[in-house]
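J.: Fold the following.
(chains A and B)
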Amino acid sequence: MSVTAQTVHPEVVHPEIVTLENLRRVTRKRAFGYGVTLVLLGLLEVLWFGGASSALKTTIVLGYNSSTAMPSIASPVRVVPLLVGLILLAPVVSRAARQIVPRRIKFTKGVRSFLVIVGGYLIIWPVALWLGVNSDGALRTLTIPVSTTGYVIGVLTIVVGGLLAWRRFDRGASPLLYVGLMFFLLGFLVWVARGSNVSGLHLQLTGILAAAVAAATFLIFGSLSGTLCERSGVVNIAIEGQFMIGAMSSVMVVSAMNGAGISLLLGVVVAGVLGALLGWVLAVMSLRYQANQIIVGIVIVAFCTAVTQFIMFQVLDTHQNLNGAFRLPVWSIPFLSRIPIVGPVVFDQNVLVYVAILGVIIANIALFRTRWGLRVRSVGEKPIASETVGVSVKRMRYGAVILGGFVAGLGGAAFTIGAGTNFTFGMTNGYGYIALAIMIFGRWRPYGALMASLLFGFAIALSANLNIYLSQLVIPQQFISMLPYIITIAAVAGLVGRIRPPAADGIPFSRE
Amino acid sequence: MTTHVDAKAPRPSRLLEIAVRVRRANMALVLVLALFVGLVIGAIMIIVTTPMLVHSWATFFSHPGKTISENFNTVWFAYEWIFQGSMFNFHAMRVLIDHPDAAHLATALGPISLTLQYATPLIVAGLGLAIGFRSNIFDIGGQGQVIAGGVVAGLIGFSLNLTPILQVSLELIGAVIAGALLASLAGVLKAYTGAHEVIVTMMSNYIMVLLMGYLLITNLFARPGVKDGASKAVTPSGQLPYFFSHLNSSLLVNAGFLIALAMVFVVQWFFNRSKTGFELLMVGQNGEAARTAGINAKRTTIIILCLAGGLCGLAGMLELTGVDHFLSPNFGGSYGFDAITVALLGRNRPWGVFFGAIFFGAMYAGGEAMQAFTPSNIQYSLAQVIQAVVVFGVATPALIVEVFRLTDNGRFRSSGSSGGWAK
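T.: Numbers count the residues shown, from 1 in each chain, chains lettered A, B, ... in the order given. I've put the predicted structure just below:
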């Protein structure tokens, strides 16, 4: 295998010997660089707002827009979901906490998780209580001058960057980096919006964040699909095609049944199943016939493009009733949707968003905590070894690729019935390929994929929303729309060489 | 291909021998069978999406003959128009036979000329991408590079007014450089940071579409007084000349086809005779061996992408100066993506790409005729579905070999490594 030959080749591999210590040292050095960069960006932001006197105001939604009255604070309907949410978040938060709390203070894992849950509950409850006391169902908003927003965001960027540079985290660096980058982009938005003086226009901060989460949904599905496939050693470039087919089929199913309740579920399932079917085709081609996986992926995308184009113009143009705009129901998670800013942004979304977030959590547990996950990863790293101990490489890869196809198909449904729009040809806009970049950015890990998707989703929402504020700005709208693509190139160029994909990624396996 | 016949064994019957020979897989047979599968899938799609035909199946058990003939006729009529629109129009041929003269000959050759016109940019772009694919570099940024070439060629084309040969050469050089520069971005990033070219080139497509959209509204490009985003037209001296246009204005072959044909020979020479071409092939077939032999992988990667991008840029120039004569927001169309499939269809061989591009050109031309002349206006995208299926068959011949129970001695069980992301 070419892999082993490469690792011993001195010119090919990074000259440093890869040990855990070395890796940490390199990561810390890089974290320091990132941190300093963020601090500088934050300073730049703060300085930019120095002489700003804009009439523009920022609107931040605090409460949530509910037509029904909330149950009382103490009722289990509100307490239980909060607890569940905190328990699910505990591993993430406790990992972050371990980085922030000095190493001298030692906790066992259980104690730390417990403290996180109890502490989180104690902090969040009073805030939610305060917001919920005189809830009359109205949208509670906070309106502040846009320059203040700019200052706050700039300072937050500096704080995150400083934390990153000061502590030089080896493992917790990426979440902080994501947060810092997001603050920077937010600052960019504020800077752009400042120039606009359309009367009565408010910078809808929470609205844009919610749009970012919605845009991140299909990216989460796509990058999760890529992660599943590539962890097993199969490159899935066909995500774009699975998106297209999923987007079209779900809208057709739902429209054919006139948007009845069950049809929405059926639409999502059909999108997933068709995506899985395409995944199966990829699996057969790359596992049974050992074809070049990139070529198979490209051909699948070409086929899906042609099929969706044909059905779009042949059927959907003449039968408009098959291409209606239906939206999955929006579920406001009780209690959690009351948290200021986070509530309306994350917990007041349609069902697919929750499915995506749950999917990430489940995939993370499945990949790193179960026997199945261990086998999938081993098949993607060293297939011959797995085969020797009796794990069928083919079967594991088939399973992972078909599952990945299903997930990508769900992502397709997020384009149409998730966003409440009808299907238009070419609406996937290359996001399938961006999802692959996100998968790389997230280092082939579900949580990484989630974080990176949120960042990219934010860039997409930003480029979609910026033109509202662009009336007076020098930057043409086309350049703003390029933002997600440019960020993708920068991300791939800045990271790939330094991170390690699964060793057997893209290499067909045969027992001989 | 010879069959070994043991001297002692009884000689198999002639018929059996032919049957064995026919079953032995070769690329031509795989291609024909893939086309057959494509036509069958296309037929199914026509039947499923035409309401009249769907309804006809309701009476299948009472009038099976009627149902089948109705379905068959519709599908046959559609495919007949693909043929008539791309190769020979039956009516025009009949007229030609009755009145054999130059003008009628020109009319009869009209569909073929349309096919060649569509094929011209595809030949060049397909050649470019084939160079990459042969070296395991997947440049899927054809669209962006075609646009880059077209934009630069257009800029030179409408802002200058020189002697034709000089201006066309300038356009050509400019377009090639533009395409090569855009692609070399992916090459440099791949060589020095390890960014995978698939993602970088794909993103550059979207960036170029947006960039062109912006350029078309600037004063430099926009045609004064036009709001639909069309650019100024290329001056007549910058346009590629049409051949035979004095005979009949429906003959659409222009000088671009000759350039494309020349590029086939150049690429053929490049791979078979030149040192760099040999190095590229070596990198593609065995990167380890190439590195051991002292071939600079970084340099090679950048060269490959420059060549691929340069040819795609040239394709953009041929399309702009030969056919469109001005830029519009959807300039380039799907040429960039179809070039990928053309390269795969031609199995990355120069002449394979040439004929693959002509097949695609025929499908474009025929698809348009089908959409215009069939009663239910079957969309031309059907031709693209057929194309995609054919490419699927050719890219993974093992599938066709297995489905049709051909014998191949494992020749088509190719094992292709796509090599992961970080190489």
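J.: ok and the residue in the stretch 51-200 of chain A nearest chain B?
T.: Of all residues in the stretch 51-200 of chain A, A:Val192 sits closest to chain B, at 16.9 Å by Cβ to the nearest Cβ. Yep, even glycine has a C-beta here, placed from its N, CA and C like the rest.
J.: List the buried residues in the helix or strand containing that residue.
T.: If you go by DSSP states H and E, A:Val192 is part of helix A:173-194. Across helix A:173-194, burial judged by 16 or more other Cβ atoms under 10 Å in any protein chain shown covers A:173-194.
J.: Please apply the same query to stretch A:348-356.
T.: Neighbour-count burial for stretch A:348-356 [16+ other Cβ under 10 Å]: A:348-353, A:355-356.
J.: Now do it: distance to the chain's middle.
T.: Here stretch A:348-356 is found 12 Å from its chain centre; the criterion is Cα atoms, centre = their mean, to the nearest Å.
J.: Output it as PDB - backbone C-alpha positions only.
T.: The C-alpha coordinates for stretch A:348-356 follow below in PDB (Å, rounded to 0.1, in the frame of the first residue of the first chain):
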ATOM      1  CA  ASP A 348     -37.200  28.000  18.100                       C
ATOM      2  CA  GLN A 349     -36.500  26.200  14.800                       C
ATOM      3  CA  ASN A 350     -38.000  23.600  12.600                       C
ATOM      4  CA  VAL A 351     -37.800  19.900  13.300                       C
ATOM      5  CA  LEU A 352     -34.900  19.200  11.000                       C
ATOM      6  CA  VAL A 353     -32.600  21.500  12.900                       C
ATOM      7  CA  TYR A 354     -33.100  19.400  16.100                       C
ATOM      8  CA  VAL A 355     -32.700  16.300  14.000                       C
ATOM      9  CA  ALA A 356     -29.400  17.600  12.700                       C
END
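J.: Can you report how many residues lie near the residue in the stretch 151-300 of chain B that chain A sits nearest to?
T.: The nearest approach of the stretch 151-300 of chain B to chain A comes at B:Gly194, 3.3 Å away (Cβ to the nearest Cβ). If you count neighbours by other Cβ atoms under 10 Å in any protein chain shown, B:Gly194 ends up with 17.
J.: Check B:Arg347 too.
T.: By other Cβ under 10 Å, 17 other residues sit near B:Arg347.
J.: which residues does it contact?
T.: Neighbour list for B:Arg347: B:27, B:394 [criterion: Cβ atoms under 8 Å, 6 or more residues apart in numbering or on different chains].
J.: Poorly predicted segments of the stretch 1-150 of chain B, please.
T.: In the predicted model, the stretch 1-150 of chain B carries pLDDT under 70 at residues B:1-12, B:25.
J.: what does it have sitting close to chain A?
T.: B:45, B:49, B:133, B:138, B:140 (Cβ under 8 Å from any Cβ of the partner chain).
J.: hang on, the earlier thing: switch the buried residues of stretch A:348-356 over to JSON lines; also include distance to chain B, pLDDT and secondary structure.
T.: As requested, the buried residues of stretch A:348-356 are exported to JSON lines (distance: Cβ to the nearest Cβ, whole Å; pLDDT from 0 to 100; DSSP: H, G, I helix; E, B strand; the rest coil):
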{"residue": "A:Asp348", "distance to chain B": "31", "pLDDT": "75", "secondary structure": "strand"}
{"residue": "A:Gln349", "distance to chain B": "27", "pLDDT": "81", "secondary structure": "strand"}
{"residue": "A:Asn350", "distance to chain B": "26", "pLDDT": "83", "secondary structure": "strand"}
{"residue": "A:Val351", "distance to chain B": "30", "pLDDT": "85", "secondary structure": "helix"}
{"residue": "A:Leu352", "distance to chain B": "24", "pLDDT": "89", "secondary structure": "helix"}
{"residue": "A:Val353", "distance to chain B": "25", "pLDDT": "90", "secondary structure": "helix"}
{"residue": "A:Val355", "distance to chain B": "26", "pLDDT": "90", "secondary structure": "helix"}
{"residue": "A:Ala356", "distance to chain B": "22", "pLDDT": "92", "secondary structure": "helix"}
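J.: Could you point out which of these is nearest to B:His91?
T.: A:Leu352 (54.1 Å; Cβ to Cβ).
J.: My read is that A:Gly405 contacts A:Leu282, right?
T.: Yes: using Cβ atoms under 8 Å, A:Gly405 makes contact with A:Leu282 at a distance of 7.1 Å.
J.: who in the stretch 151-300 of chain A is up against chain B?
T.: A:235, A:237, A:284-285, A:289-296, A:298-299.
J.: circling back to that earlier point, mark which of the residues of the stretch 1-150 of chain B next to chain A are part of helices, please.
T.: B:45, B:49, B:133 (DSSP state H).
J.: Identify the residues contacting the closest residue to A:Leu483 other than its chain neighbours.
T.: Closest residue in space to A:Leu483, ignoring its immediate chain neighbours: A:Ser463 at 4.4 Å, by Cβ to Cβ, 6 or more residues apart in numbering or on different chains. Shown in contact with A:Ser463 (Cβ under 8 Å, 6+ apart): A:480-484.
J.: if we take the residues you listed, which one ends up nearest to B:Gly287?
T.: Closest to B:Gly287, out of all of the contacts of A:Ser463 and judged by Cβ to Cβ, is A:Pro484, at 32.1 Å.
J.: Can you classify the closest one by secondary structure?
T.: Secondary structure, DSSP: H, G, I helix; E, B strand; the rest coil: A:Pro484 is helix.
J.: Now do it against A:Ile438, distance only.
T.: Distance of A:Pro484 to A:Ile438, given as Cβ to Cβ, to the nearest Å: 11 Å.
J.: Of those two, which one has the most company?
T.: A:Ile438 (31 against 26).
J.: Which elements pack onto the host helix or strand of the more buried one?
T.: Assigned by DSSP H and E, A:Ile438 belongs to helix A:431-441. The contact analysis (3 or more Cβ pairs under 8 Å, 6 or more residues apart in numbering or on different chains; DSSP states H and E) places helix A:431-441 against helix A:205-231, helix A:239-256, helix A:393-416, helix A:446-465, helix A:483-495, helix B:197-215.
J.: could you give the mean pLDDT of the longest one?
T.: Averaging the model's pLDDT scores along helix A:205-231 yields 90.
J.: any idea of the angle it forms with helix A:431-441?
T.: Angle of helix A:205-231 versus helix A:431-441, following axes from the mean of the first three to the mean of the last three Cα atoms, to 10 degrees, is 80 degrees.
J.: Skip the chain neighbours and tell me the closest residue to residue 222.
T.: Since you didn't name a chain, this refers to chain A. Excluding its sequence neighbours, the residue lying closest to A:Gly222 (Cβ to Cβ, 6+ apart) is A:Ala435, at 2.8 Å.
J.: To clarify, I was referring to chain B.
T.: Using Cβ to Cβ, 6+ apart, the nearest residue to B:Ala222 is B:Leu216, at 6.0 Å.
J.: ok, now how distant is that neighbour from A:Phe425?
T.: Counting by Cβ to Cβ - B:Leu216 and A:Phe425 are separated by 22 Å.
J.: The two: who's more crowded?
T.: For B:Leu216 versus A:Phe425, the count of surrounding residues by other Cβ under 10 Å is larger for B:Leu216: 24 against 17.
J.: hang on, the earlier thing: what angle separates the helix holding A:Ile438 from helix A:393-416?
T.: 120 degrees.
J.: average pLDDT for helix A:431-441?
T.: If you average the pLDDT over helix A:431-441, you get 88.
J.: chain center to it: distance?
T.: 10 Å.
J.: what about the closest residue to chain B within the stretch 151-300 of chain A, distance to B:Gly187?
T.: Among the residues of the stretch 151-300 of chain A, A:Asn292 lies closest to chain B, at 3.1 Å counting by Cβ to the nearest Cβ. Using Cβ to Cβ, one gets 20 Å for the distance from A:Asn292 to B:Gly187.
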